[in-house]
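Chemist: No sequence on hand, only this structure:
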């Protein structure tokens, strides 16, 4: 987080945490840190793993109040999808999955997943743009299926649904990054 004091924002940015998404340049201006495309595959591996682990643990360890919170975040996500509000979709999707992680009762996994979700916000913007910010309703329904599996304590089902959910996101982003066709023009 950047906090401004009487000394100005540049001083505050120098004290930013190492995982912040802004770089301070030698001339003291700032810019958004670049996305590390060369290591994107390792990010995706970690992301899919954390979707699976946290959802499975939520199915095992959740409490009834966790389901209330998870459903509230799902309702907010559904409203954002209906409004075609990409920034709200990104925020409410992260809140939804973080609530699931918290229901799994492992603070270490939750912290790791939070970092991955935060890092993925810019990538998710590309993902939603690939659908022209009109996310198919089936993704809202996938969240509902995940909630149902957690609610019934179906650990295997929760893990499988979250794996498929995460892999779909990864495949869509990968498809965006690598065009399958090439420019075929006569010179």
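Modeler: Thanks, I have it. Just so it is clear, the structure is predicted and the values come from calculations on it, not from any experiment. Numbers count the residues shown, from 1 in each chain.
Chemist: Going by C-alpha atoms from here, please, whenever you check contacts or count neighbours.
Modeler: Noted.
Chemist: Please tell me how far residue 32 sits from residue 97.
Modeler: 25 Å (Cα to Cα, to the nearest Å).
Chemist: more neighbours, these two?
Modeler: residue 97 (24 against 10; other Cα atoms under 10 Å).
Chemist: what's the helix or strand for the more buried one?
Modeler: Residue 97 belongs to helix 86-103 when assigned by DSSP states H and E.
Chemist: what pLDDT, on average, does that helix get?
Modeler: Mean pLDDT, helix 86-103: 97.
Chemist: Now the element after it, going C-ward?
Modeler: Using DSSP H and E, the next helix or strand after helix 86-103 towards the C-terminus is helix 107-119.
Chemist: Compute the inter-axis angle for that next one and helix 86-103.
Modeler: 170 degrees (axes from the mean of the first three to the mean of the last three Cα atoms, to 10 degrees).
Chemist: what's next to helix 107-119, contact-wise?
Modeler: Under the criterion Cα atoms under 8 Å, 6 or more residues apart in numbering, residues 21, 43, 46, 47, 50, 51, 54, 94, 98, 101, 102 lie in contact with helix 107-119.
Chemist: most neighbours, which of those residues?
Modeler: Neighbour max across the contacts of helix 107-119 (other Cα under 10 Å) = residue 101, 30 neighbours.
Chemist: Spatially nearest residue to that one (excluding sequence neighbours)?
Modeler: residue 54 (4.7 Å; Cα to Cα, 6 or more residues apart in numbering).
Chemist: Okay, and that neighbour sits in which element?
Modeler: Per DSSP H and E: helix 40-61 holds residue 54.
Chemist: tell me the angle that helix makes with helix 107-119.
Modeler: Using the same axes, to 10 degrees: helix 40-61 against helix 107-119 is 130 degrees.
Chemist: what comes up buried for helix 40-61?
Modeler: For helix 40-61, the neighbour count (16 or more other Cα atoms under 10 Å) marks 43-44, 47-61 as buried.
Chemist: how far away is the residue most central in space within the chain from residue 43?
Modeler: Closest to where the C-alpha atoms of the chain average out (Cα atoms, centre = their mean) is residue 117, at 3.7 Å. Counting by Cα to Cα, the gap from residue 117 to residue 43 is 10 Å.
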